[in-house]
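Visitor: Got a sequence here, can you model it:
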Amino acid sequence: MDQIQAFGLRLEDTSELPNSTLDAITLTIAPLLRSTSHLLVSALLLSFVPFYIPFVPPTAGPHLQVALHQFLPPLLDKLNDPKERVSSPASQAVAILGRKCFEAEQASTAAHLGQSTAKGKDKETPAAYWERNVKEAMAGKGWRGKVECMKMLLLLRTEEKSRLSLKPWLAPLVDLLEDGDGNVRDQAREVSWMS
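Guide: The predicted structure is shown next:
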């Protein structure tokens, strides 16, 4: 927050940003996260992304959907990066996105309480999209990505006002207890004991 205020921004000022600005920033940053330059990616992950995602409104328009679809795939790819200065901040950014998705789901549930559901096919909620993609990353080939996903789940689960339910994660965690890599098995045991 001090860094944001150092640039002359106050939290109150963010509500005055035009809607098109949020999506433009998101669409500009997303390709940079896919860069092969570790310096650029680590700078984005340490200095920009963790401060930008909280400003994306969870309820007003499609901004969260755009941020989720643009940021989550490259962030999950970066979980497998051999450099910890990239994989660890990527894990934290995925956690921030997850918090934002659960916040949006809670706000959406409160807003639609008492209303009938729309006919036809239900859209995937941001939280469901986030969970599905994280589970796919946990089932991936890279051991580092699996370990970072579990660390991120542990972080989200141990937070005071956690909205992360453990039930959807039991099957992937059981699979990881039998993984061929010792690092993955050890982390899965730690997550299982803490839950």
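Visitor: State the distance from the spatially most central residue of the chain to Ser20.
Guide: Geometric centre of the chain, nearest residue: Val94, 2.6 Å, by C-alpha atoms, centre = their mean. Going from Val94 to Ser20 by C-beta to C-beta, to the nearest Å gives 26 Å. In short, each C-beta sits where N, CA and C put it, glycine included.
Visitor: just to revisit the earlier point, now the residue nearest to the centre of the chain: closest residue in space that isn't a chain neighbour?
Guide: Leu75 (5.1 Å; C-beta to C-beta, 6 or more residues apart in numbering).
Visitor: That neighbour touches Ala90, doesn't it?
Guide: Yes - the pair Leu75 / Ala90 is scored as a contact, 4.9 Å apart, by C-beta atoms under 8 Å.
Visitor: neighbour count winner among those two?
Guide: A count of neighbours by other C-beta atoms under 10 Å puts Ala90 above the other of Leu75 and Ala90, at 28 against 24.
Visitor: quick one, what contacts the more buried one?
Guide: Ala90 sits next to Leu45, Leu75, Leu76, Lys78, Leu79, Asp81, Glu148 when contact means C-beta atoms under 8 Å, 6 or more residues apart in numbering.
Visitor: Secondary structure element holding the closest residue to the fourth one other than its chain neighbours?
Guide: It refers to Lys78. Spatial nearest neighbour of Lys78, chain neighbours left out: Ala90 (3.7 Å); criterion: C-beta to C-beta, 6+ apart. Counting by DSSP states H and E, the element that carries Ala90 is helix 84-111.
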